[in-house]
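In: Structure of the sequence below:
(chains A and B)
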Amino acid sequence: MSGKPRLTYLNGRGRMESIRWLLAAAGVEFDEVYLETKEQYDKLIKDGFLLFQQVPLVEIDGMKMVQTRAIMSYIAGKYNLHGKDLKERALIDMYVEGISDLMQMILMFPFSPPDAKEKNLESIKERATNRYFPVFEKVLKQHGQDFLVGNKFSWADVQLMEAILAVEEKLPTVLSGFPQLQVFKTKMSNVPTIKKFLQPGSPRKPPPDAHYVETVLKVFKK
Amino acid sequence: MSGKPKLYYFDGRGKMESIRWLLAAAGVEFEEEFLETRDQYEKLLQGGSLMFQQVPMVEIDGMRMVQTRAILSYIAAKYNLYGKDLKERALIDTYIGGTDDLMGFIMIFPFLSAEDKEKQLAVIVQKATSRYFPVYEKVLKDHGQGFLVGNNFSWADVHLLEAILMVEEKKSDVLSGFPQLQAFKARISSIPTIKKFLEPGSQRKPVPDHKYVETVRRVLRMYYDVKAN
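Out: Predicted coordinates:
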């Protein structure tokens, strides 16, 4: 065994992408196993690898971890990206949970029926620009620091960066009313581990396409 | 100010109930402000106390905390219900993830149409008995200890008890194939803080009814049909 964490998921973003981002940001190399068939997935379940019969699965430090939040909390805690005390952790958790609600809309988007896609895109735009981005714009403006919490790079910064880029892929001008976030985006892009993750050839996955949607439906078919 | 945490939510379970359970289990007294009108909610919004314009919101230790999971994590850690180290915390988080998903199926239940309710009831029972309960049954059987993690009372135990009772409200004999969970239920229910919370007159909220659904819809202007997962 390599000692590196091993990720099991589909060959695409989904719920695993935030985990890839966080490991990459922490400078942690990892291996990946891609689910391509229902048979592979059924075998994982049969062999007792998936506690609640679901992926993501991350094998790390002798544990077979499932549940995205649990996995990310562990990684953040282990690599000192979860704040210096309980109150900083609370702030990071609030920010991450909020962003994660926005990411959920993006996650579900490829699976919405064609006639609902325009409406869903509008919802993503509305939430991003009226509910989520203004919060972080204000946080950065008020303390004038580079990072969201405690003047130190944390899980919250990674998650916000991922969200900004994901929304921009759908709405390229979405940051136009958010000067602080524009600066934040540039700064995060230059954090060495993130810079590396944003380069071609990294484990970062492309936006979900029709093939990805097909694979998801096939693998998880009841 | 009283110094006690103050909870802002509807007068009903919803996403706030797990927070009430955890505070109660930790022996922490708390106050509540119930949202009844749209005006109250708009006032909270205008006052800037809801970070993402949503409830639950809990005023605690000088913070206006939002996001259920963040609030629960904070309370668990503050009151030593979150394990002794990172690995125990990871286990607790994983177990919470499961019970949270299970309770999620129940949380939307009152908002479904009558036809969808029937289908959802079957889903709840199926998930509980084939996906979630077997996991906790096995955990308890394998280590033979009284609590889920680290031989110590934790957030995971509180959350599991809450989930068990909620599923039982829908199907009273649902624990019949789970002897470990039956013993667990009896054991955790008799912990003094939990016992107190289970008695009439506590801040535990009843099964959501028509009036609760109406209040939520009215305050949040959430008039669309909720679809089952």
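In: what residues does chain A put near chain B?
Out: Within reach of chain B by Cβ under 8 Å from any Cβ of the partner chain, chain A has these residues: A:51-53, A:61, A:63, A:65-70, A:73-74, A:77-78, A:86-87, A:89-90, A:93-94, A:96-98, A:101, A:131-132, A:135. In this view, the C-beta of every residue, glycine as well, is placed from N, C-alpha and C.
In: Buried subset of those residues, written for PyMOL?
Out: In PyMOL, this line selects whichever of the residues of chain A next to chain B come out buried by 16 or more other Cβ atoms under 10 Å in any protein chain shown:
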select buried, chain A and resi 51+52+63+65+66+67+68+69+70+73+74+77+78+87+89+90+93+94+96+97+98+131+132+135
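In: what about the strands in chain B?
Out: Under the criterion DSSP state E, chain B contains strands at B:6-9, B:31-34, B:57-60, B:63-66.
In: whoops, I mixed them up, chain A
Out: A:6-9, A:31-34, A:57-60, A:63-66.
In: most tightly surrounded among those strands?
Out: strand A:57-60 (a mean of 22; mean count of other Cβ atoms under 10 Å in any protein chain shown).
In: Just the buried residues of the lengthiest helix in chain B, please?
Out: Counting by DSSP state H, the longest helix found in chain B is helix B:86-107. Buried residues in helix B:86-107, counted by 16+ other Cβ under 10 Å: B:87-103, B:105-107.
In: Out of the residues you listed, which are close to chain A?
Out: Within the buried residues of helix B:86-107, those near chain A by Cβ under 8 Å from any Cβ are B:87, B:89, B:90, B:93, B:94, B:96, B:97, B:98, B:101.
In: TSV for those residues, including pLDDT?
Out: Formatted as TSV, these follow (pLDDT from 0 to 100):
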residue	pLDDT
B:87	97
B:89	98
B:90	98
B:93	98
B:94	98
B:96	98
B:97	98
B:98	98
B:101	97
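In: ok, those residues vs residue A:107, which is closest?
Out: residue B:101 (15.4 Å; Cβ to Cβ).
In: wait, that closest one sits on residue A:52?
Out: Yes: the criterion here is Cβ atoms under 8 Å, and residue B:101 meets it with residue A:52 at 7.2 Å.
In: what do these two both touch?
Out: Common contact partners of residue B:101 and residue A:52 (Cβ atoms under 8 Å, 6 or more residues apart in numbering or on different chains): residue B:132.
In: how's chain B carved up into domains?
Out: B:6-79+B:198-220, B:86-191 (the TED database).
In: if you look at the shortest one, does any of it touch chain A?
Out: Yes: using Cβ under 8 Å from any Cβ, domain B:6-79+B:198-220 reaches chain A at B:51-53, B:61, B:63, B:65-70, B:73-74, B:77-78.
In: tell me the pLDDT at residue A:1?
Out: Here the pLDDT value assigned to residue A:1 is 49.
In: swap that for residue A:72, sorry
Out: Reading off the model, residue A:72 has pLDDT 98.
In: and it, how many neighbours does it have?
Out: Neighbour count of residue A:72, defined by other Cβ atoms under 10 Å in any protein chain shown: 26.
In: Quick check: it touching residue A:17?
Out: No: counting by Cβ under 8 Å, residue A:72 does not reach residue A:17; the two are 11.2 Å apart.
In: Am I right that residue A:137 is in contact with residue A:180?
Out: Yes: with contact defined as Cβ under 8 Å, residue A:137 counts as touching residue A:180 (4.8 Å).
In: taking the residues of domain B:6-79+B:198-220 next to chain A one by one, which sit in helices?
Out: Short answer: those in helices (DSSP H) are B:68, B:69, B:70, B:73, B:74, B:77, B:78.
In: Could you provide these in JSON lines, with additional columns for pLDDT and neighbour count?
Out: JSON lines is the format used below for those (pLDDT from 0 to 100; neighbours: other Cβ atoms under 10 Å in any protein chain shown):
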{"residue": "B:68", "pLDDT": "98", "neighbour count": "20"}
{"residue": "B:69", "pLDDT": "98", "neighbour count": "20"}
{"residue": "B:70", "pLDDT": "98", "neighbour count": "24"}
{"residue": "B:73", "pLDDT": "98", "neighbour count": "27"}
{"residue": "B:74", "pLDDT": "98", "neighbour count": "24"}
{"residue": "B:77", "pLDDT": "98", "neighbour count": "17"}
{"residue": "B:78", "pLDDT": "98", "neighbour count": "16"}
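In: Remind me what the longest helix of chain B packs against, helices and strands.
Out: Here helix B:86-107 touches strand A:63-66, helix A:68-78, helix B:68-78, helix B:114-127, helix B:133-143, helix B:155-170, going by 3 or more Cβ pairs under 8 Å, 6 or more residues apart in numbering or on different chains; DSSP states H and E.
In: Dump these to JSON lines, plus distance to residue A:200.
Out: Rendered in JSON lines, the data for the helices and strands packed on helix B:86-107 read as follows (distance: least, Cβ to Cβ, whole Å):
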{"stretch": "strand A:63-66", "distance to residue A:200": "29"}
{"stretch": "helix A:68-78", "distance to residue A:200": "24"}
{"stretch": "helix B:68-78", "distance to residue A:200": "35"}
{"stretch": "helix B:114-127", "distance to residue A:200": "41"}
{"stretch": "helix B:133-143", "distance to residue A:200": "40"}
{"stretch": "helix B:155-170", "distance to residue A:200": "42"}
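In: closest to residue A:119 out of those?
Out: Going by Cβ to Cβ, the one of the helices and strands packed on helix B:86-107 nearest residue A:119 is helix B:114-127, 21.3 Å.
In: Just the C-alpha atoms of that closest one, please, in CSV.
Out: Below are the C-alpha coordinates for helix B:114-127, written out as CSV (Å, rounded to 0.1, in the frame of the first residue of the first chain):
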residue,chain,number,x,y,z
ALA,B,114,-51.0,12.5,0.6
GLU,B,115,-50.0,10.2,-2.3
ASP,B,116,-46.3,10.9,-1.9
LYS,B,117,-46.5,10.5,1.9
GLU,B,118,-47.5,6.9,1.4
LYS,B,119,-44.6,6.2,-0.9
GLN,B,120,-42.2,8.1,1.4
LEU,B,121,-43.3,6.1,4.4
ALA,B,122,-42.2,3.0,2.6
VAL,B,123,-38.9,4.6,1.7
ILE,B,124,-38.3,5.7,5.3
VAL,B,125,-38.9,2.2,6.7
GLN,B,126,-36.9,0.6,3.9
LYS,B,127,-33.9,2.8,4.4
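In: No further questions, thank you.
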